[in-house]
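> Predicted structure and sequence below. I'll ask about it afterward.
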Amino acid sequence: MHGVLSLIRREHLHDTRAGKYTACCTQRTQEAHNDMGKKRYTGRRFHIARLVFTPPYRVGGTQRTERSASRGATSMDIRPAMADEPFFVIQKHDAQSLHYDLRFAVEGALKSWVVPKGPSTDPREKRLAVPTDDHPLEYADFEGVIPEGEYGAGAVIVWDRGPYRNLMAEKDDPLTIAAAIDAGHVEVWLDGQKVYGGYALIRVDHTADRWLLIKMDDAAADARRNPVSTKPQSVLTGRDLEGVRAEEADR
């Protein structure tokens with residue numbers, strides 16, 4: 001027999017001068033009866049309902065809307081591995097199944113997650129993210145076709161990239177990005193061409209090492225946008241996956 005108690009709690013995840021992130025969670029406390037008929041505590045599970053950003057003032061004095069085309073040209077000319085600030089890259093990868101590889105430059109390597117459906121700009125949507133092997137920093141610029149028979153065979157484009165800021169470093173008990181990953185709770189501010197604003201990566205299953213990628217509810221959140229479907233091209237070359245495959249086949 002199992003008894004389950006559910007309740008709603010609000011947990012402050014991030015406090016800075018710019019505001020506060022709050023997670024609205026459903027806490028499920030599970031109990032089971034042992035052989036003696038006594039209740040035995042078996043653990044808690046948290047369902048993250050929403051991450052809310054509540055600034056005391058407008059950050060930077062303006063609200064962020066859709067990126068202008070002129071802004072993108074300068075950023076695309078900067079090799080991420082050569083930049084002074086930490087960077088992220090999202091590579092669209094058509095291997096055995098189409099997915100998106102989210103990578104952060106951390107301590108000389110690209111810490112990576114596979115995001116099957118890609119990032120969302122809607123805070124209500126939680127996207128599964130599964131950790132994968134670290135990659136060298138140089139891989140951040142890779143576009144092309146990985147040959148059949150090799151690991152990850154298929155077409156790859158740089159779908160988005162830009163600098164990121166570690167929001168966990170701004171907390172009262174600051175964490176480096178590496179320490180935040182180890183702790184299973186990452187909060188970053190992304191400044192990409194297609195995705196931007198606050199995002200959280202939260203480990204929800206230690207056994208299977210499953211994470212959720214969640215858009216913060218901030219000025220950059222927009223449930224109407226869906227860049228995964230409306231912006232399929234590379235931010236480096238403007239090619240889509242079909243274009244990459246066609247060019248590789250002509251060589």
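Perfect, thanks for sending it. Residues are numbered from 1 along each chain as shown.
> Between the two ends of stretch 166-184, how far is it?
14 Å (Cα to Cα, to the nearest Å).
> what's in contact with it?
For stretch 166-184, contacts defined as Cβ atoms under 8 Å, 6 or more residues apart in numbering pick out 14-16, 21, 86, 104, 106-107, 111, 185-189, 198, 201-203, 206, 211. For every residue, glycine as well, the C-beta is placed using N, CA and C.
> low-scoring pLDDT stretches of this protein, where are they?
Along the chain, segments meeting pLDDT under 70 span 1-83.
> Contact partners for the nearest residue to Val195 once chain neighbours are set aside?
Of all residues not flanking Val195 in the chain, Pro119 sits nearest, at 5.0 Å (Cβ to Cβ, 6 or more residues apart in numbering). For Pro119, the contact set (Cβ under 8 Å, 6+ apart) comprises Ile90, Tyr100, Leu102, Arg127, Val195, Tyr199, Leu213, Lys215, Pro227, Val228.
> again, only this time at 10 Å
90, 100, 102, 125, 127, 129, 159-160, 190, 192, 194-195, 199, 213-215, 227-228 (Cβ atoms under 10 Å, 6 or more residues apart in numbering).
> Please enumerate the helices of the protein.
69-76, 177-183, 227-230, 241-250 (DSSP state H).
> Now tabulate those in a markdown table and tack on mean neighbour count.
Compiled in a markdown table, the helices of the chain are given as follows (neighbours: other Cβ atoms under 10 Å):
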| stretch | mean neighbour count |
| --- | --- |
| helix 69-76 | 11 |
| helix 177-183 | 16 |
| helix 227-230 | 14 |
| helix 241-250 | 14 |
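> Now render these as CSV, adding distance to Gln96.
Shown next, in CSV, are the helices of the chain (distance: least, Cβ to Cβ, whole Å):
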stretch, distance to Gln96
helix 69-76, 29
helix 177-183, 26
helix 227-230, 19
helix 241-250, 14
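> among the ones you listed, which is nearest Ala95?
helix 241-250 (10.9 Å; Cβ to Cβ).
> So which elements touch that closest one?
For helix 241-250, the packing partners by 3 or more Cβ pairs under 10 Å, 6 or more residues apart in numbering; DSSP states H and E come out as strand 87-94, strand 144-146, strand 154-166.
> between that helix and strand 87-94, how many degrees?
70 degrees (axes from the mean of the first three to the mean of the last three Cα atoms, to 10 degrees).
> Not counting its own residues, what contacts helix 241-250?
Under the criterion Cβ under 10 Å, 6+ apart, residues 92-94, 98, 143-145, 147, 154-157, 159, 232-234, 237, 239-240 lie in contact with helix 241-250.
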